[in-house]
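> Quick one: sequence plus predicted model below, questions after.
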Amino acid sequence: MSEIEGRQNSNDNGTAGAGFSWDSQSYMNQPGAQPQPGTQYGNQPGQPPVEKKKSILPLIIALSVVAVVIIGGAVAAALFIFKNTSSGIFGVKEQSLELSETSVVTLTEGEEYTLTIENFDELDKGQKIKWESADDKVITVKDKGDGTAEVTAVAEGKSAVFITGENLDKKKGYVVKFDVEKEPFEYVGKAWETSECVYYFPDEDSLCDFSDYSDRYSYGPFTLTETDANEAPWRITDYVPSNGRFFCIDYTPEREIEYGKENTFCDEYEIWFGLSKKGNLYIYDESTGYTSEASEIDIKDYDKSLSDEASIEAFLDDHTMGMFNYTFGYMNLYGSKFDTNDAFHDNTRLLQCGDTIYTICDDGIYSLPVSSLGTGSGKPTKLNLTDNNVSYFATDGEYIIYAAGNSKSDVDLYIYDPAADADSLLLKDISCMHIAFCDEKIYYTEFWDGIECYDLATGNTETIWQDTVGAFWADWNYVYIYDGCNWLMLDISAGYVNNGYLCRGRSYECDRIYALEDNILTVGYDSSNQSIALHGVDFAGNEVNLSGEYYGDSSDTYCLACCGTYAYFLAYEGESVVAVDVTRGSSADVYLSDYGLWYANEMSVVDNRVILHVYDSSGDDGYVEVDEYLNIKGIPELPHSIDPNGGSEAAYLF
C-alpha cells in the first residue's frame, strides 16, 4: 500500500476511517498549501483511480440555518427590549396604565372623587393623557395634569371615565364606571321650623308636628315617598323648581291635641317637603294650606313625644286655652242672621229671615224663597218699601232692620215685618256705619265713634260706648268691641258695664266680628306686612291665629262667614277664598280664577250654604256657592244687577 493510500485510510490517531483526516484538512487550509497528489482535485496520469471525497454543501446549509435562527432570535430579543425599555429607531413605545380604581365607583350627587394613574411617573414624559366622561350630565371629569383627575357627580345616573393616549397600549381599554345616586334625605333626629309649624322626627318611624298658632301637637307614624314635580301639588312647586326634589309624607297622627283638647278622631293628610338644588327646604302642609321656607333647628328644643303620658300632661298644662271646642250651633238656625253690613262696601249681602232670602239691589230690596235657591226656577220679587236708597240691613230671624237715605252718613232706620209685608220708620237722620240686631235691640255706630242702642220694646236710644270703634258685635249677653288695637266687652245685663280689656296691643284693621259662645272671631288686616288672617280671642284674653297669614288688603276684612265648623274669608284682594276649620285650626284656599272668575266682594250664609257675590273679568256679576272642600258652582237665581222691568231674568254670569 502506497504512502498516500495509507494516509487516506487512517486518521491522525491511527484509527481506520474514510474522508479527510483533521490533520490533512488543517493543513490544506493553511496559507500557501498546495494540493497533494491523489486528492479530489484530480488524478495524475498513470496513477490508479482513487475514491472521491463526500461534499461539504450540507454542512454549509446546516450552518446557514443555525446562523439564521441565531440572528432571528437576536433581532426578536432586540425588539422586545426596545419595546419595553426606550424609544427605538422604528417608532415610539406602547405603555400600560395602572389605575387607582378599576371597579364600579358609587357616588352621591355633588360628591367629588379623585382618579389616579399609579405609574404616572414611569410613563413617557411626552405622553399625552386624555380624560373623558361618557355623559357629563351625570359626571364631569377635570384633568389636574399630575396623573390625577377630579370626578364630580352631577346628577343621578350611570356614566364612565375613559382614559386615552397616543402611546398607550391599544389592546387595553382604560375605563372606570360610575354610578351616581341621589343624596339620601336625612330626616331622622332632625327638626325643621316654618312660620306656621315645627316638624321633628325623633326616630325613623315617628313624626311630631307642633303648631304655636293653633296650639296643635300631634304624634304618630308616617310614610315618606320621593316623587317628582309632575306629581307634587302646585303649592309646593311654586316655591321649588322642577329640578328640585320632592318628598310626600302621608301622616295620620296616633294622638293629637288642639287648643288644649285631645282629638278622638285624627284626619289623614299630606305634608310635602321640597328641596331645591341650592339646598333650600320648603314645606307645604295640607292641614294648614301654607307653603313656607323651613330652617333646620336643634331637635333638643322639641324632643318630646305624645306617646309619653308625662309629656302630654305637661303639654296640656301649658296649653289650656280651650279655643273652639264646639260646633257653631245656633249660627245655623238662620244662617247669617247675626251678620252686619257696612256702609262703605257694595251691598250685595244676602240675609235669610225664616224661609226667605233677601238681597239689596240697585233699586231696593228683593226677596226669594229659600226653596228656589239653586233650582234655576226662582224669581226674586221686589219689596214695596221706601223709595230712598237702601244701604245696608240686618235681621234677627223675625224682622229686618234696614237703613235708607240719600247718603250713607245720613240715613233713616226702618223695620220691616215679613209676615205683614210692611215697614215703619224707627229713627231719622242718623249715621250708622255698622249695625247689629239681637234680642229686640238695634246697635249702630256714629261715625266710628261710640255705639248707640235703640230698644224696640221701649223706643229709647242709649249711648253705651263713647270711644273709637273699629268693629263690634252683640249677642244676648255682651257687646264685643275692637277699638283698633284692643279687645273689650260690655256686659249687657249689668247695664253695659265694661268688664275690662280682653286682649291688648294687636293693631290691625277689622270690620267683621262673630261672637261664638265664649270666643270671638274676626278677620284682621296687618298693614305692616300686608297680610290678612282669621283671629280668635277667648274670654281669658288669649288670641290665636287660626288660619296663618295670607296676602291681602283692607277690603278683604269686610268678608267673614261661618257655616258648620268652618269660617270663610277673602284674601289676595278678594281673588281667593279661604276656608278654616276652627275646631282644628286647619285652612285651605282656592283662587276664583280657577273657575273663570275675577274677585268676590261679599259673603253670606243662607240655608247653611256659603254664597259669594262675584265678578268676572268683564265686570259682570252674580252669585256662587262654595262648600267646605272649596268647590264652586253658580247660583243663577240671584243676579245682583236686576232689571227692574224684567225681574230676575238678567242673571249675567250663569
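Ah, there it is.

> quick one: contacts for Tyr416?
Contact partners of Tyr416, counting by Cβ atoms under 8 Å, 6 or more residues apart in numbering, are Ile365, Leu383, Leu385, Tyr399, Ile400, Ile401, Tyr402, Ala422, Asp423. The C-beta positions use only the backbone N, C-alpha and C, and glycine is treated the same way.

> my guess is Leu456 contacts Asp439, does it?
No - Leu456 is not in contact with Asp439 according to Cβ atoms under 8 Å; the separation is 9.3 Å.

> Could you look up the SS state of Tyr568?
Following DSSP: H, G, I helix; E, B strand; the rest coil, the label given to Tyr568 is strand.

> Oh, that last question was meant for Asp121, not what I typed.
Asp121 is classified as helix under three-state DSSP.

> and the residue nearest to it when sequence neighbours are not counted, how many neighbours?
Nearest residue to Asp121 in three dimensions, chain neighbours excluded: Gly147, at 7.6 Å (Cβ to Cβ, 6 or more residues apart in numbering). A count of nearby residues for Gly147, using other Cβ atoms under 10 Å, gives 17.

> Just list the residues touching Gly147, thanks.
Gly147 neighbours (Cβ under 8 Å, 6+ apart): Thr116, Ile117, Phe120, Asp121, Ile129.

> thinking again about what came up before, Leu456 and Asp439: which is more packed in?
A direct count of neighbours by other Cβ under 10 Å for Leu456 and Asp439 places Leu456 higher, at 16 against 13.

> Find the residue ranges of the stretch 451-600 of the chain scoring beneath the pLDDT cut-off.
504-506, 516-518, 584-585 (pLDDT under 70).

> Quick one: end-to-end length of stretch 502-512, please.
End-to-end distance of stretch 502-512 (Cα to Cα, to the nearest Å): 17 Å.

> neighbouring contacts of that stretch?
340, 342, 434, 470-471, 482, 484-489, 520, 522-527, 535, 537, 539, 541-543, 554, 557-560.

> Can you pick out the ones from those residues that are in strands?
Judged by DSSP state E, these include 471, 482, 487-489, 520, 522-526, 535, 537, 543, 560 as members of strands.

> Restricted to strands, list the contacts of Tyr416.
Reading strands off the contacts of Tyr416 with DSSP E, I get Ile365, Ile400, Ile401, Tyr402, Ala422, Asp423.

> got a winner among those for most neighbours?
Of all the ones in strands among the contacts of Tyr416, Tyr402 has the most neighbours under the rule other Cβ under 10 Å, reaching 28 neighbours.

> For that residue, give its distance to Ile442.
To Ile442, Tyr402 is 11 Å away according to Cβ to Cβ, to the nearest Å.

> Name the residues contacting each of these two.
Shared between the contact lists of Tyr402 and Ile442 (criterion: Cβ under 8 Å, 6+ apart) are residues Ala394, Leu413.

> Please list all residues in contact with the spatially closest residue to Gly354 that is not a sequence neighbour.
Spatial nearest neighbour of Gly354, excluding adjacent residues (Cβ to Cβ, 6+ apart): Pro418 at 6.4 Å. The contact partners of Pro418, taken as Cβ under 8 Å, 6+ apart, are Cys353, Gly354, Thr356, Ser367, Tyr399, Ile400.

> What pLDDT does the model give Pro418?
Predicted confidence (pLDDT) for Pro418: 89.

> Now do the phi/psi pair for it.
As for Pro418, its main-chain torsions (degrees, to the nearest 10) stand at phi -60, psi -30.

> What remains of the ones in strands among the contacts of stretch 502-512 if I keep only buried residues?
Buried subset of those (neighbour count, 16 or more other Cβ atoms under 10 Å): 471, 482, 487-489, 520, 522-525, 535, 537, 543, 560.

> Just put those residues in CSV and tack on distance to Leu373.
Compiled in CSV, those are given as follows (distance: Cβ to Cβ, whole Å):
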residue, distance to Leu373
Ala471, 29
Tyr482, 33
Trp487, 36
Leu488, 38
Met489, 35
Ile520, 30
Thr522, 28
Val523, 25
Gly524, 31
Tyr525, 31
His535, 31
Val537, 33
Glu543, 36
Leu560, 21
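
> Among these, which pair sits farthest apart?
Distance extremes for those: the farthest pair is Met489 and Tyr525 at 22.0 Å, using Cβ to Cβ.

> Check the gap between Asn486 and Ala474 for me.
Asn486 sits 18 Å away from Ala474, going by Cβ to Cβ.

> More neighbours: which of the two?
Each of Asn486 and Ala474 has its neighbours counted (other Cβ under 10 Å); Ala474 has more, 27 against 16.

> Name whatever forms a beta bridge with that one.
Listed beta-bridge partners, Ala474: Val479 (assigned using DSSP bridges).
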